[in-house]
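In: Need coordinates for the below:
(chains A and B)
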Amino acid sequence: MFYRLLSLNWRIFISNLNRFQLLLTIGYILFLGIMLVNLIGTAIVVVLMDSDPWMQVQLPWLTPDIYSFILLVFGNAYWVMHFSFTNMRLLNIEENRKLLGFGFPLDRLAKYLTLIGFCHPVNIIYNFTWLVFLLIQVDYAFQIPVAIAAVALNYVIIYSIKHRFIRVVEKRFIAVVIGFFILIFGLFQMISLFASNSSRIFAEFFPQVEKVNAFLSWLPGGMLIQTVTIYYGWMNAAIIFFFSVLLVGLTVIDHFNKTKQGLLNPGLKKAEEESSTLWKVLRKVMGRNAGKYYFYVMKHPYNRLQVLTLTIIPIVYVPLLMNVEFELARTILIPTILAGIPVALLAMGMANMYGYENREFLLHLQFPINLEKQLKERFLGVIILPLLVFYLITVFELLMIPEIGSPLQIFIANTFFFLMFMLLFVWSSYFQYQKATYSSFSYKHPIIPQKVTFAISFLIFSMGYLVFVPLNGLEWYRLTIMSTVIVIMAIYLWQHMDVLVNLFKNRVLMRLWNEL
Amino acid sequence: MERAVEINKLIKRYEGEPVLKGLDLDIPKGTIFGLIGPNGAGKSTLIGVLTGLLSFEEGDIKIHGMELNTKNELKIKRLTASVLQPPLLFEQFSSLEFIEYICEIYEVEKEGLIEKAYSLMDYFDIKDFAKIKVNKLSSGSRKKLAFVTAVLLEPKLLLLDEPFESVDVISIERMKNVIRRLKNKGVTIIVTSHILEVVENLCDDIAILHNGKIKAYLDSISRKELQKDSSLHEIFEKFVEVEKKDQIVEWL
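Out: Prediction:
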């Protein structure tokens, strides 16, 4: 039965993939293979580096203390990676719970799903690497069962923490995201401090390495290493093994209960009163139609995260790039990064215009208001914010990086960039319609179809080179071509707004009607 | 008698496959009209066409004397309200926000609107959900909210696609009461349902739709005549030519 359930879940996964996604999956499997080899290779090199006589000649500073330090840094860094990449998205509770309706016993289903949940390939790779990393360091036989139990315990604890962490993140979304960014900023500050004082820090650090090792060895990665580097005898090994196994058992039982609860209470919704000031503000500023649409866009947690990220990225990267001495980097990368901001905002609102409302958009069709008028209002509403940002960026570029070109050049290049992406997103809205899932933690992109996401990432840089690379004598040809395309497209779009209505009727309407 | 809806030789296809096959139907003004038929008969498609959500390939439709075409589309939409199956609601709004929004679009008189909305919500026991987000309502409450909103739009033609599904018995009785009151105010109501007993005691006229065509039109006179000897259920079975299949499951 377990095998059947596994194959059922696998079939659900495969049947949800289109050909492009299948290709991606194959690429992902190859990536996993490479990742496994790399991780194990790195672990072996780190463990064996002090035993090679060549190393001792070439690296005289590699004392036993420094070697332990490297080992502990690797172990702890690897633990952080393990924690970050532990994947929990293998279960499709919604699909699997249908089995309950056919009389599948709840306990057995929860048991199988708990097991399947632990078996994500990425998680298996990390745990397997831990085993290789630890077992090649084993000095005594009693360390083997302890190391294995410790790896299992480590995994279930990480899984458990992440399980709860995701719930916390979804509940306290803004607080967690802000906390995350403060952490990133702190890290930036630390790195810059270290880079400017590295020689002094090293001079002070080397004598202290023993103390640092003592500290590192009590961090999670360090404790795992201790299971194979310390002598604790058979008696202690038995006690550690027993308690580790007990804790693993208790955590797995806890997961089993949580899975059971999840199967019985799918998306348990609390009906609490909610006041939406955002809707009131948008209703006033953008009108009832565009305002309502933007309200839906901004209600999506992924978009809120996106807006926050878009604010932070230029604050971090632009000052860094401004200090780069290589002029080409400044003239291409800064405008490309900056031009990417309105593009990302545009993608939020325009790349899947019906994906937020889905079937409920049919209600708009029943309104005694012309559909073309409704779509036009939305269309204009969606481009207002990115356009505003776009103009602010253009002004910023004119003031701060005048060497990237004349005002006319910057203006035309940015407008062209914006317009091209706008066309891509209009195409995406009508030809790549998909239901936007209301979770920022979706395996697939929650708003924009994967095809479009890939196209954006690729185009943002190729367009950047096409539009911003200085061409010196040929610059005027490029400007003329871009200006002509801008004028033709603007006139065409303005005069043929009904194209949106026809595209909607031909490409989206029936899908909405049939969607349940 | 004046007609609220006149349908003449209506053909609607899905990907080339006809669902409504030259359908003819006249519905008198100010009646409660029941549309019954087996699954896949085309009831929801017909409602979809009448609400203007679905286009049709051939035939013509007149609503309150106006041809259903691009020219009259908006005027007709202003006269019409509907509850579809499943109901269309704005999930991110609260129940009251949803009502206010829709009423604003339909330019319903603002004075007294909130009071009317609260009294109807109270009548259907969803008053407590006024400030609850729509996507957190149960399927029954969603249906009731859609019904309340449609009533508040003061339509001349009310289209109800399976309005009683997932609604509790007390609320079904209250819905029937509201529908009768609307009829007394001159509103035409078209109801589709699989619950024949409800259709039987609520509707004035009933049509049986099968395979995209009207198989029988039972007005009050012909119903009296036919129902002398048989129930609506038996009449329904006769017109949709139900195949007797009980022998298939005799092994049970």
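
In: drop to CA atoms for contacts and neighbour counts, all remaining ones
Out: Noted.

In: Tell me the residues of chain B that contact chain A?
Out: Within chain B, the residues that sit near chain A (C-alpha under 8 Å from any C-alpha of the partner chain) are B:51-53, B:73-78, B:86, B:88-92, B:94, B:105-106, B:131-133, B:136-137.

In: try 7 Å this time
Out: Within chain B, the positions adjacent to chain A are B:51-53, B:74-75, B:77-78, B:88-90, B:106, B:131-133, B:136 by C-alpha under 7 Å from any C-alpha of the partner chain.

In: any residues touching the worst-scoring helix or strand of chain B on mean pLDDT, and which ones?
Out: Across the helices and strands of chain B, mean pLDDT, DSSP states H and E gives its lowest value to helix B:220-226, namely a mean of 79. Contact with helix B:220-226 is made by B:204-205, as judged by C-alpha atoms under 7 Å, 6 or more residues apart in numbering or on different chains.

In: and after that helix, which helix or strand comes next?
Out: Downstream of helix B:220-226, the first helix or strand assigned by DSSP states H and E is helix B:232-239.

In: same question for that following helix, mean pLDDT?
Out: Across helix B:232-239, pLDDT averages out at 82.

In: what about dumping the CA coordinates of that helix to PDB?
Out: Extracted in PDB, the C-alpha atoms of helix B:232-239 (Å, rounded to 0.1, in the frame of the first residue of the first chain):
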ATOM      1  CA  LEU B 232     -43.900  16.000 -11.500                       C
ATOM      2  CA  HIS B 233     -41.300  13.400 -11.000                       C
ATOM      3  CA  GLU B 234     -43.100  10.900 -13.300                       C
ATOM      4  CA  ILE B 235     -43.700  13.600 -15.900                       C
ATOM      5  CA  PHE B 236     -40.000  14.500 -15.700                       C
ATOM      6  CA  GLU B 237     -39.000  10.900 -16.200                       C
ATOM      7  CA  LYS B 238     -41.400  10.600 -19.100                       C
ATOM      8  CA  PHE B 239     -40.100  13.600 -21.000                       C
END
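
In: for that helix, which positions count as buried?
Out: B:232, B:235-237 (16 or more other C-alpha atoms under 10 Å in any protein chain shown).

In: residues of the least confident helix or strand of chain B that come out buried?
Out: Buried-residue list, helix B:220-226, by 16+ other C-alpha under 10 Å: B:Arg223.

In: Check stretch A:35-49 too.
Out: By 16+ other C-alpha under 10 Å, the buried positions in stretch A:35-49 come out as A:36, A:39-40, A:43-44, A:46-47, A:49.

In: Output those residues as TSV; include the columns distance to chain B, secondary structure and pLDDT.
Out: Shown next, in TSV, are these (distance: C-alpha to the nearest C-alpha, whole Å; DSSP: H, G, I helix; E, B strand; the rest coil; pLDDT from 0 to 100):
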residue	distance to chain B	secondary structure	pLDDT
A:Leu36	43	helix	76
A:Leu39	45	helix	73
A:Ile40	48	helix	78
A:Ala43	50	helix	74
A:Ile44	53	helix	77
A:Val46	53	helix	70
A:Val47	55	helix	72
A:Met49	59	helix	68
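
In: Show me which pair in the residues of chain B next to chain A is furthest apart.
Out: B:Lys75 and B:Lys136 (33.6 Å; C-alpha to C-alpha).

In: who's more crowded, the two?
Out: B:Lys136 (19 against 15; other C-alpha atoms under 10 Å in any protein chain shown).

In: what about the stretch 251-400 of chain A, any weak spots by pLDDT?
Out: A:266-275, A:320, A:323-330 (pLDDT under 70).

In: What of the stretch 101-250 of chain A?
Out: For the stretch 101-250 of chain A (pLDDT under 70), the answer is A:166-207.

In: Would you map the helices across it?
Out: Taking DSSP state H, counting those that start in this stretch as the test, the helices found in the stretch 101-250 of chain A are A:106-118, A:121-135, A:143-171, A:173-196, A:198-205, A:209-216, A:220-229, A:233-264.

In: again, but for chain B
Out: B:43-50, B:73-79, B:95-105, B:113-123, B:139-152, B:169-184, B:196-202, B:220-226, B:232-239 (DSSP state H).

In: who wins for proximity to A:Phe31 among these?
Out: For the helices of chain B, distance to A:Phe31 was read as C-alpha to C-alpha. The smallest value, 44.7 Å, belongs to helix B:139-152.

In: and the closest one, C-alpha only, in CSV?
Out: Extracted C-alpha coordinates of helix B:139-152, given in CSV (Å, rounded to 0.1, in the frame of the first residue of the first chain):
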residue,chain,number,x,y,z
SER,B,139,-20.9,27.2,1.0
GLY,B,140,-24.5,27.7,2.3
SER,B,141,-23.6,31.2,3.6
ARG,B,142,-22.0,32.1,0.3
LYS,B,143,-25.2,31.1,-1.5
LYS,B,144,-27.3,33.2,0.9
LEU,B,145,-25.0,36.2,0.5
ALA,B,146,-25.2,36.0,-3.3
PHE,B,147,-29.0,35.7,-3.1
VAL,B,148,-29.2,38.7,-0.7
THR,B,149,-27.0,40.8,-3.0
ALA,B,150,-29.1,39.9,-6.1
VAL,B,151,-32.3,40.9,-4.3
LEU,B,152,-30.9,44.2,-3.2
